[in-house]
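Visitor: need coordinates for the following:
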Amino acid sequence: MMNFEFFKYHGTGNDFILIDNRLLFFDKNNANFISSICDRNTGVGADGLILLENHENLDFKMIYFNSDGRETSMCGNGGRCIVSFAKKLNVIKDKAKFMAIDGPHASFIDKGLVSLHMNQVNLIDNIEGGYVLDTGSPHFVKFCNSIKELDVVKKGREIRNEKKISNNGINVNFVEVINTNCIKVRTYERGVENETQSCGTGVVASVLSAFKKGFVNENKIKIITLGGNLHVSFDFNNLSFENIWLEGPAVEVFKGKI
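Guide: Reported below is the predicted structural model:
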């Protein structure tokens with residue numbers, strides 16, 4: 001049994017176990033072990049686990065696992081948290097360029113908020129009464145009149161496994177439009193198989209879908225999640241969404257040893 005130090009972080013309630021793996025001691029193939037650490041009853045408890053490793057050309061590399069122990073697609077809030085973690089480790093100061101599973105990302109920290117540059121989005125499909133798009137992770141976005149009383153776990157699980165929408169499973173976002181500069185979002189995440197307090201790639205997908213629908217303006221949009229507020233800004237050039245930034249807090253909660 002290996003002994004190691006970990007740090008717990010959260011980005012608007014979306015929580016992660018972060019580990020400095022620059023010495024490559026951590027067993028990335030042990031999905032059962034990773035899942036057990038993320039378990040909220042018998043482990044540390046988290047939506048996912050993130051490893052920070054060295055990269056030959058960039059500041060560091062991010063490796064992300066869902067709470068089921070499987071390495072998976074990009075996590076926006078996790079990306080913001082690892083930037084804050086990298087600053088704590090003195091890997092960076094206030095700016096970073098790092099490698100994730102969906103390619104390189106730029107980020108910066110300003111006044112306690114971490115902003116993360118997301119990849120360009122070229123395609124949004126209208127399927128089964130909602131929008132499907134990939135913002136580093138695949139998402140389905142459905143607009144609702146009110147999401148406060150919605151059974152997100154039940155509805156999200158049904159849509160997540162709908163073959164007409166995705167063969168491999170998909171994250172599901174339920175969106176309520178407040179005004180042209182603000183939306184509310186609740187998200188069911190695959191791999192966690194539950195509603196999370198917030199989802200970074202999910203709020204990006206929700207904002208871009210809301211713009212396509214004509215519900216929000218092309219500027220900085222506020223997103224209200226169960227765990228707090230995020231902001232997304234972007235440029236649209238009639239073909240694609242570019243210069244997408246996800247901004248919000250990334251907070252260290254505690255550290256410990258396993």
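Visitor: which ones are touching the residue lying closest to residue 70 once chain neighbours are set aside?
Guide: Spatial nearest neighbour of residue 70, chain neighbours left out: residue 31 (5.8 Å); criterion: C-beta to C-beta, 6 or more residues apart in numbering. Quick note: C-beta positions are derived from backbone N, CA and C, even for glycine. By C-beta atoms under 8 Å, 6 or more residues apart in numbering, residue 31 lies in contact with 65, 68-70.
Visitor: try 10 Å this time
Guide: Each residue near residue 31 by C-beta atoms under 10 Å, 6 or more residues apart in numbering is listed here: 65-66, 68-71.
Visitor: same question for residue 210.
Guide: For residue 210, the contacting residues are 131, 141, 143, 175, 177, 180, 182-183, 185, 216-217, 221, 223, 232, by C-beta under 10 Å, 6+ apart.
Visitor: redo that, cut-off 7 Å
Guide: By C-beta atoms under 7 Å, 6 or more residues apart in numbering, the residues touching residue 210 are 175, 177, 183, 216.
Visitor: ditto for residue 249
Guide: The contact partners of residue 249, taken as C-beta under 7 Å, 6+ apart, are 11-12, 112-113, 228.
Visitor: quick check: beta-bridge partners of it?
Guide: Residues in a beta bridge with residue 249, per DSSP bridges, are residue 113.
Visitor: before we move on, the earlier item: of the contacts of residue 31, buried ones?
Guide: The neighbour count (16 or more other C-beta atoms under 10 Å) marks 65-66, 68-69, 71 as buried among the contacts of residue 31.
Visitor: those: which two are farthest apart?
Guide: When C-beta to C-beta is used, the two most widely separated members of these are 68 and 71, lying 10.3 Å apart.
Visitor: ok so, going back, which two among the contacts of residue 31 are spaced furthest apart?
Guide: Farthest pair in the contacts of residue 31 (C-beta to C-beta) is 68 and 71. Separation: 10.3 Å.
Visitor: any chance you could list what contacts stretch 38-52?
Guide: With C-beta under 7 Å, 6+ apart, stretch 38-52 has contacts from 6, 8, 14-22, 26, 34, 36-37, 60, 62-67, 75, 78, 81-82, 85-86, 192, 196.
Visitor: my hunch is that residue 191 is in a helix, does that hold up?
Guide: No - applying DSSP: H, G, I helix; E, B strand; the rest coil, one finds residue 191 to be coil, outside a helix.
Visitor: contact partners for it?
Guide: 66-68, 70, 72.
Visitor: let's have these in TSV, adding pLDDT and secondary structure.
Guide: Shown next, in TSV, are the contacts of residue 191 (pLDDT from 0 to 100; DSSP: H, G, I helix; E, B strand; the rest coil):
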residue	pLDDT	secondary structure
66	95	strand
67	95	coil
68	94	coil
70	93	coil
72	90	coil
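Visitor: want to throw the residues you listed into TSV with distance to residue 91?
Guide: Listed next are the contacts of residue 191 as TSV, based on distance: C-beta to C-beta, whole Å:
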residue	distance to residue 91
66	24
67	25
68	28
70	26
72	23
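Visitor: tell me which residues of the helix or strand hosting residue 35 come out buried.
Guide: If you go by DSSP states H and E, residue 35 is part of helix 31-38. Using 16+ other C-beta under 10 Å as the test for burial, helix 31-38 gives 33-35, 37-38.
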